[in-house]
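J.: sequence unavailable; structure follows:
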């Protein structure tokens, strides 16, 4: 494979220097260090969750129950549960972005809820398409309630996302819905790419980044701007906030790809070498294969053989460890860590051209720091 | 089962007088007889199809190809095809409705396209959920391209529907999208009801009508008003046009349910006793079961036994004919034909309170006549 990086300012894989497993990013702005990120995430969650639950309650039975199970509010038997709601970065960004034009955080809440609904619509459908049986340490919806309910409730959440915004009845809500629709289309494109790449032996670094931009960047871009759009910012400002979110999404995904191979199972809740077990063509793998050199070539031969192997499922820890070592030796790990830093830098830079109160800017930076240095 | 018809002005099933297999409806307005319905349908098709194809062309590969197969524009091998695009009643209504406030028919085109996209999103997902292998005499998408593509392309068409409207960037487009979203939610509710009714032994006439209102009425309501909304009518006018479309949808569905049992296979392209073979709890069946009397009771016993039977699939023509005869004897056929006439009358009456040019009103009536007297 020829490495194809036209138009991108990425160094060629293999050029990166040795780095930490998870990139240590010193905050771009000292003021961000003073921000209480836990409180910021909690604020987003506290403001958005009741509105999200009220929206889901509008669904006709049994869809309301299936959705409540998916969100972790009830267990498979219908008893109340206190599920892991995730990190809630998107709601935090959505309500924060309302403060860019000086609006109250609450103005961003319908945007936060709509983004969460779209995110969860895509999880319901993707888990079914991918045959994934577990999510957040629980059986997925199609596994518990059957494929038809996974399709149907996904559709309902998607429709509900537009409803929650459009019932505001404002011009801003129309603009926000249009941006959310564009993000939804990107999500769907990303899933289409993901499926088609599974059947291919090789994927370029650029293709992998494009897919991750669609699957992760686009919705984080929407989350980072939707509150501001509801608060009345112009399109140029919204575009810059989207740029921050898009590149933050790519940084997030690069870290995710590192954790998918080298993450601590205790912290991630996943198996060791999780992405290797799933033969995922994630960024470290793709970059290692593109780097050239003896380790890269040996890795390519191994993975090609693995693809045809009948006893891949019984591989030992040592066999996965050997593949991880080759990825590292070929430079895939360092390149991906460096890529996370590059995307983080582009995200932070996008904030420079947006006028906003200093404390709001510091909070955007602090959330970006949190996303890139996380361990799970 | 107690017959539950609270709040509805339906006579109890069994009260209807003998009627034609398909209800003969003399046009409510003589002026409608002069309307060339074929030309009206052709106009909708001609205006909407190029815009629909351009929208579908925006989808990333392979979704564009999968969608083109679904619409009948190409065959399973990717060669151009001239598929049966259906009767195209919805596009005809959407462009006609733009003329209510005096706008050009073209103003309704984005609405016509958005409605068609939502309709086809629901077909893609419903066929997969229901396990239906054939639609319009061709293999369904999940059968040809697999379940994942059926889910994904359905999602993409749903998103595209909103995109086509919202990119107009007008206040009217926002209002139209909100109404389309409400119709989409109803469609999804209807499919949820359909799935849950399959597992039940008995369904009331009211439940059946509610499901058919969601599955057929809501989107026809949206089609009948969306061009008018884009043309700037007020909410009250839009609501009245929706009422016309909703009840026309119920009339359409009642006729469909009659054709599903007694339709001529040559004309419908379906097997004889098609809905009986699928054990569909359609209106004639439900009404017959609710009617009471010896034929109704005998039918109830037979269908209960059928539900448990292991050799239902090898039933002879005579066995289905016997069930159809019992449905007819119990009054299910006549009641459904009468129901089509009642719904038609409510639809036409809704037009009375809407100001519009006389020739536009005559065209709405002519389309309703066409829908109710069709043989396929």
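T.: Here it is on my side, so go on. Being a predicted model, the structure only gives us computed values, none of them experimental.
J.: could you use CA atoms for every contact and neighbour count after this?
T.: Will do.
J.: any idea how far the residue nearest the centre of chain A is from residue A:322?
T.: In chain A, the C-alpha nearest the mean C-alpha coordinate belongs to residue A:216, at 3.8 Å (CA atoms, centre = their mean). Relative to residue A:322, residue A:216 is positioned 29 Å away (CA to CA, to the nearest Å).
J.: for residue A:155, same thing?
T.: Where residue A:322 is concerned, residue A:155 sits at a distance of 42 Å (CA to CA).
J.: over to residue A:129?
T.: 30 Å.
J.: who has more neighbours, these two?
T.: Neighbour count, other CA atoms under 10 Å in any protein chain shown: between residue A:129 and residue A:322, residue A:129 has more, with 21 against 13.
J.: what residues does residue A:125 make contact with?
T.: Residues near residue A:125 by CA atoms under 8 Å, 6 or more residues apart in numbering or on different chains: A:150, A:151, A:154, B:151.
J.: equivalent analysis for residue A:366, please.
T.: Counted by CA under 8 Å, 6+ apart, residue A:366 has contacts A:27, A:32, A:33, A:35, A:37.
J.: which one of these is nearest chain B?
T.: residue A:37 (33.6 Å; CA to the nearest CA).
J.: right, and the closest one touches residue A:369 too?
T.: No. Using CA atoms under 8 Å, residue A:37 is not in contact with residue A:369; the gap is 9.4 Å.
J.: more neighbours: which of the two?
T.: For residue A:37 versus residue A:369, neighbours defined as other CA under 10 Å are more numerous around residue A:369 (23 against 20).
J.: residue A:323: neighbour count?
T.: Quick note: residue A:323 (other CA under 10 Å) scores 20 neighbours.
J.: equivalent analysis for residue A:123, please.
T.: Residue A:123, neighbours per other CA under 10 Å, totals 18.
J.: now it: which helix or strand?
T.: helix A:109-130 (DSSP states H and E).
J.: tell me the helix or strand right after that helix.
T.: strand A:134-135.
J.: what does that following strand contact?
T.: Contacts for strand A:134-135 (CA under 8 Å, 6+ apart): residue A:140.
J.: I'd like the average pLDDT over it.
T.: The average pLDDT within strand A:134-135 is 88.
J.: what's the first helix or strand after that strand?
T.: Next along from strand A:134-135, by DSSP H and E: strand A:138-139.
J.: strand partners (parallel or antiparallel) of that following strand?
T.: Looking at strand A:138-139 with DSSP bridges, its partner strands are strand A:134-135 (antiparallel).
J.: any low-confidence regions in chain A?
T.: A:1-28, A:84-85, A:374-376 (pLDDT under 70).
J.: spell out which parts of it neighbour chain B.
T.: Counting by CA under 8 Å from any CA of the partner chain, the residues of chain A close to chain B are A:60, A:62-63, A:125, A:129, A:147-148, A:151-152, A:155-156, A:159-160, A:162-163, A:166-167, A:169, A:171, A:174-175, A:177-178, A:181-182, A:184-185, A:188-189, A:191-192.
J.: buried subset of these as a PyMOL selection?
T.: The PyMOL selection below is limited to those of those classed as buried (16 or more other CA atoms under 10 Å in any protein chain shown):
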select buried, chain A and resi 60+63+125+129+147+148+151+152+155+156+159+160+162+163+166+171+174+175+177+178+181+182+184+185+188+189+191+192
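J.: residue with max distance from the center of chain A?
T.: residue A:294 (32.7 Å).
J.: contacts only, for it.
T.: residue A:330.
J.: and what of the one 5 residues further on?
T.: When contacts are counted by CA under 8 Å, 6+ apart, residue A:299 is found next to A:289, A:323, A:326, A:327.
J.: give me the phi and psi for it.
T.: phi -60, psi -50 (degrees, to the nearest 10).
J.: look up how far chain B lies from it.
T.: 30 Å (CA to the nearest CA, to the nearest Å).
J.: hmm, back to that, of the residues of chain A next to chain B, which belong to helices?
T.: A:63, A:125, A:129, A:147-148, A:151-152, A:155-156, A:159-160, A:162-163, A:166, A:171, A:174-175, A:177-178, A:181-182, A:184-185, A:188-189, A:191-192 (DSSP state H).
J.: was I right about residue A:29 contacting residue A:365?
T.: Yes. At 7.1 Å, residue A:29 and residue A:365 qualify as touching, with contact defined as CA under 8 Å.
J.: which residue of those two possesses the greater neighbour count?
T.: Between residue A:29 and residue A:365, counting by other CA under 10 Å, residue A:365 is the more crowded of the two (25 against 14).
J.: so how far is the helix or strand hosting that one from its chain's centroid?
T.: Counting by DSSP H and E, the element that carries residue A:365 is helix A:358-373. How far helix A:358-373 lies from its chain's middle: 17 Å, per CA atoms, centre = their mean, to the nearest Å.
J.: buried stuff in that helix?
T.: So helix A:358-373, judged by 16+ other CA under 10 Å, has buried residues A:360-373.
J.: which stretches in the stretch 1-150 of chain A count as helices?
T.: Under the criterion DSSP state H, counting those that start in this stretch, helices of the stretch 1-150 of chain A are mapped to A:30-33, A:37-57, A:63-71, A:89-98, A:109-130, A:141-145, A:147-166.
J.: which of the ones you listed sits most buried?
T.: helix A:89-98 (a mean of 30; mean count of other CA atoms under 10 Å in any protein chain shown).
J.: tell me which other helices or strands it touches.
T.: Applying 3 or more CA pairs under 8 Å, 6 or more residues apart in numbering or on different chains; DSSP states H and E, we find helix A:89-98 packed against helix A:37-57, helix A:109-130, helix A:218-230, helix A:358-373.
J.: mind checking the SS state of the residue nearest to residue A:264 when sequence neighbours are not counted?
T.: Counting by CA to CA, 6 or more residues apart in numbering or on different chains, residue A:264 lies nearest to residue A:272, which is 7.3 Å off, once chain neighbours are set aside. For residue A:272, the assignment made with DSSP: H, G, I helix; E, B strand; the rest coil gives coil.
J.: how close does residue A:272 get to residue A:317?
T.: Distance from residue A:272 to residue A:317, by CA to CA: 8 Å.
J.: okay, these two: which has more neighbours?
T.: Legend: neighbour count by other CA under 10 Å for residue A:272 and residue A:317, higher for residue A:272 (20 against 10).
J.: does that one touch residue A:263 like I think?
T.: Yes. Contact criterion CA under 8 Å: residue A:272 and residue A:263 qualify, at 7.4 Å.
J.: now, which of the contacts of residue A:366 sits nearest residue A:281?
T.: residue A:27 (30.0 Å; CA to CA).
J.: picking up where we left off before, who wins on neighbours among the contacts of residue A:299?
T.: Busiest of the contacts of residue A:299 [other CA under 10 Å] is residue A:289, holding 32 neighbours.
J.: enumerate every residue touching that residue.
T.: A:296, A:297, A:299, A:300, A:327, A:330, A:332.
J.: for residue A:240, same thing?
T.: Residue A:240 neighbours (CA under 8 Å, 6+ apart): A:350, A:351, A:353, A:354.
J.: what helix or strand does it sit in?
T.: helix A:235-262.
J.: buried sites along that helix?
T.: Per 16+ other CA under 10 Å, helix A:235-262 contains these buried residues: A:237-262.
J.: list the buried residues of the helix or strand following it.
T.: Per DSSP H and E, helix A:235-262 leads on to helix A:265-268 as the next helix or strand towards the C-terminus. By neighbour count with 16+ other CA under 10 Å, helix A:265-268 contains the buried residues A:265, A:268.
J.: try stretch A:133-143
T.: Applying 16+ other CA under 10 Å to stretch A:133-143 flags A:136, A:138, A:139, A:140, A:141, A:142, A:143 as buried.
J.: and if you look at stretch A:192-202?
T.: Buried-residue list, stretch A:192-202, by 16+ other CA under 10 Å: A:192, A:193, A:194, A:195, A:197.
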